[in-house]
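Peer 1: One predicted model, sequence on top.
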Amino acid sequence: MEDWGAGALLRDLVAEEPPPSRVDPRRAITGAKRRRQRRRAGLLVAGVLAVAVGVVAGILPVIRSTPAPVATAAPEQQQNQNPPFRFDPTRFQLALGWRPDGVTRVETESDRAYQRITLLRTEKDEQGKSQFLPIATIEVYGTGQVLPDDRVPAQTTAPIYADGAASHWIPGRVGQPDRSGRLLWFWAPNAWAFLTVYDSSEPIDLALQLARTLRTDQDTTVRMAFTVQAPAGLAHAHTATAWGPDGVYAAELTFAPRGQWLYDRWIAVSATNDSESVSTNRPYVFRGTVLTGDRRSNLASDPPIVLRPTGQDLVAAASVILVPEAKPVLDPAATQQVARSVRLVDGPDDKANWTTSFLR
């Protein structure tokens, strides 16, 4: 099965602070070689990305509506000179100064290793039911964490910042090679950014416009729609939120073993009033994460614990493991305890009511 080469793009995650960069951005795509150290971490990330790539392959063929082409302005911003090695999942430093027409839902994610924004639009399926499909995903990684694979064909494209350093475009190879693809550039010294366009008549223009309006120097405290008691022995590793029209929301926290910033098992707890999740009694699925589709390939044998604190809201918790035969599942009792400790804020459909003190 062809893919984006994402498993290879992210296979060089490292677990120690890297030395100062000596990478030439103009030669990085063709010259970067896989480092043999951290083989175990690389295999883990490749496994994580394999799930995401499978979902991308399933989504792309059904997307047909096209965001309007955009005219890209000359770059004005400067490259961020103070990138972190690891991110704080309680903080968010990305912001978009422009969005294409048709965006009806925005998802944000803050992880130890990366931060991500996903833009979605609404489309009716054959039965007239609304579905949310991705327009673009923007993700930035900490300094020294990833190197693109030299086997992935890429073309040099226009610079993102005023320093004139070129970006690189990988045409989409799943379903629509002329309407999709991925833009790569250094958002900071030795720190890569990836921007995926899923369907557009002018995918490079759309990618450049988004990349040039992306701010990476924000420092926003993450707000959540609920509070929760952190499970013993686990650390907060990932935060995700989604917001749409008419007060539609979703919020998720992930807890993983302490000392493992690259984790392959975790407990995820979420709350949402998304109509599809509520009607099917299932957790909300963030489009940018590896937990996509029906989640069956990632979940432990026990199904998610689903609670209905109100008639409009759904709370769910799940113990997740990527390679079930390799490690034991996290204690199911801890998952139950986390689910039952969730307390929704008053009026979670109004983001002004969300809290920054969400860990008890």
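Peer 2: Noted; the coordinates are in hand.

Peer 1: And the helix or strand containing residue 116, what's buried?
Peer 2: Using DSSP states H and E, residue 116 sits within strand 114-124. Buried residues in strand 114-124, defined by neighbour count with 16 or more other CB atoms under 10 Å: 114-121, 123. Bear in mind the C-beta positions are built from the backbone N, C-alpha and C, glycine included.

Peer 1: leaving aside the residues next to it on the chain, what's closest to residue 155?
Peer 2: In this structure, residue 155 finds its nearest non-sequential neighbour in residue 169, 5.2 Å apart by CB to CB, 6 or more residues apart in numbering.

Peer 1: Enumerate every residue touching that neighbour.
Peer 2: Residues near residue 169 by CB atoms under 8 Å, 6 or more residues apart in numbering: 154-157, 181-184, 204, 207.

Peer 1: Return the subset of these lying in helices.
Peer 2: Among the contacts of residue 169, DSSP state H puts 204, 207 in helices.

Peer 1: who wins for most neighbours among the contacts of residue 169?
Peer 2: residue 207 (28 neighbours; other CB atoms under 10 Å).

Peer 1: Hmm, residue 360 and residue 229 touching each other?
Peer 2: Yes. Look at residue 229 against residue 360 with CB atoms under 8 Å: they come within range, at 4.8 Å.

Peer 1: what touches both of those two?
Peer 2: Contact criterion CB under 8 Å, 6+ apart; residues shared by residue 229 and residue 360: residue 341.

Peer 1: neighbour-wise, which of these two wins?
Peer 2: Higher neighbour count among residue 229 and residue 360: residue 229, with 14 against 9, using other CB under 10 Å.

Peer 1: what's the next secondary structure element after the worst-scoring helix or strand of the chain on mean pLDDT?
Peer 2: In the chain, no helix or strand scores lower on mean pLDDT, DSSP states H and E than helix 39-59, which sits at a mean of 34. Downstream of helix 39-59, the first helix or strand assigned by DSSP H and E is strand 91-92.

Peer 1: quick one: which of the contacts of residue 169 sit in strands?
Peer 2: Mapping the contacts of residue 169 onto strands (DSSP state E) picks out 155-157, 181-184.

Peer 1: Where does pLDDT dip in the stretch 151-300 of the chain?
Peer 2: 151-152, 173-175, 260-261, 288-300 (pLDDT under 70).

Peer 1: Let's see that with 90 instead.
Peer 2: For the stretch 151-300 of the chain, the stretches with pLDDT under 90 are 151-154, 163, 172-178, 231-233, 245-246, 257-267, 276, 282-283, 285-300.

Peer 1: The residue nearest to residue 155 falls within a strand, correct?
Peer 2: Yes. The assignment for residue 169 is a strand, going by DSSP: H, G, I helix; E, B strand; the rest coil.

Peer 1: is it in a bridge, and if so with what?
Peer 2: residue 155, residue 183 (DSSP bridges).

Peer 1: again, but for residue 92
Peer 2: residue 220.

Peer 1: by contact count, what packs against the strand holding residue 116?
Peer 2: Applying 3 or more CB pairs under 8 Å, 6 or more residues apart in numbering; DSSP states H and E, we find strand 114-124 packed against strand 105-111, strand 130-141.

Peer 1: measure residue 249 to residue 351 for me?
Peer 2: Using CB to CB, to the nearest Å, we find residue 249 at a distance of 7 Å from residue 351.

Peer 1: got any residues that touch both of these two?
Peer 2: With CB under 8 Å, 6+ apart, residue 249 and residue 351 have common neighbours residue 243.

Peer 1: Looking at these two, which one has more neighbours?
Peer 2: residue 249 (21 against 15).

Peer 1: so that one touches residue 352, yeah?
Peer 2: No. Counting by CB under 8 Å, residue 249 does not reach residue 352; the two are 11.8 Å apart.

Peer 1: Report the contact partners of residue 91.
Peer 2: Taking CB under 8 Å, 6+ apart, one finds 110, 219-222 in contact with residue 91.

Peer 1: ok, these vs residue 322, which is closest?
Peer 2: Residue 322 lies nearest to residue 110 out of the contacts of residue 91, by CB to CB, at 20.2 Å.
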